[in-house]
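K.L.:
sequence unknown, structure follows:
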């Protein structure tokens, strides 16, 4: 038996229940992991609200770190006692322990603590695939990144600085602007008192940017499009304010723009590629180019409070649940 978060209907954070559930032994190709840290990501809110479908009743969460307690038949490269993390797989990371497909487990290097790794699995890998795969940055570009003080945003600030990219980051408050700048964001735009399009055009001498990374969605769609150069690219990598609906004729009118809606699953597999991605993230940390710690943590039993804080934009950086 173990403690875990379950939900029986979609809706507000109130639907999350802290319960005792069965914990079996791993079958073929599986491993049982005792969690030491569980990441809270906006995708978890999408699942909880029904934007991303789940078969109910359901566990929640796809991103955690911990120690392997047992392995099933046929598991060759994961062993009892290994420190591991994961960011994809069945819902259920919001738990003290769980059985997981071993193919999704990533060994943690000795120089990366569990507390740091808990902030890196989904968020660090998201920064990697956005900047290195979805829209490969070479250095020298000027980009616009929405929600620069968020969990992925602060890693993106550091990654951009490390590769010589000028990052313009939007934030909601002056306090978040200071944090984004401290993490390497070149320019910040405080959206509560500044007009994003005007500031981007001012910073770029009227040119606009070649790419916008937008995890906000509906509320920032038009702003993002208006900040792009002709033939620029909108990377719509989240919908925290609501789904994005785009008229393709509008893209032509605004400069033959490109739009992509990437999903991690399409960039992370097969397993060998996932491990290479993780190595690049870990190497950035080990080289001192990225620093990451949880900015706020909650007991697992208070997962609903963590969701409320994230939805209300009261959080900065990464949020972690402690089993």
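P.N.:
Alright, I've got the coordinates. Because the structure is a prediction, the values reported are computed rather than measured.
K.L.:
residue contacts, the residue nearest to residue 7 when sequence neighbours are not counted?
P.N.:
Residue nearest to residue 7 in three dimensions, not counting chain neighbours: residue 15, with 4.5 Å by C-beta to C-beta, 6 or more residues apart in numbering. Yep, even glycine has a C-beta here, placed from its N, CA and C like the rest. By C-beta atoms under 8 Å, 6 or more residues apart in numbering, the contact set of residue 15 is 7-9, 48.
K.L.:
distance of residue 15 from residue 174?
P.N.:
35 Å (C-beta to C-beta, to the nearest Å).
K.L.:
Count the residues that sit near the closest residue in space to residue 190 that isn't next to it in sequence.
P.N.:
Of all residues not flanking residue 190 in the chain, residue 177 sits nearest, at 5.4 Å (C-beta to C-beta, 6+ apart). By other C-beta atoms under 10 Å, 22 other residues sit near residue 177.
K.L.:
Make sure I have this right: residue 177 is in a strand.
P.N.:
No. Assessed with DSSP: H, G, I helix; E, B strand; the rest coil, residue 177 is helix; it does not lie in a strand.
K.L.:
so where's the stretch 201-323 of the chain shaky on pLDDT?
P.N.:
Applying pLDDT under 70 to the stretch 201-323 of the chain picks out no residues at all.
K.L.:
for the stretch 101-250 of the chain, what spans make up the strands?
P.N.:
106-107, 142-145, 166-171, 187-190, 209-214, 228-236 (DSSP state E, counting those that start in this stretch).
K.L.:
Average pLDDT for the longest strand along the chain, rounded please.
P.N.:
Assignment by DSSP state E gives strand 30-40 as the longest strand of the chain. Strand 30-40 comes out with an average pLDDT of 97.
K.L.:
Skip ahead from it and say which helix or strand is next.
P.N.:
helix 42-49 (DSSP states H and E).
K.L.:
ok, and for that following helix, which residues are buried?
P.N.:
42-48 (16 or more other C-beta atoms under 10 Å).
K.L.:
same thing with stretch 77-95?
P.N.:
78, 82-89, 91-95.
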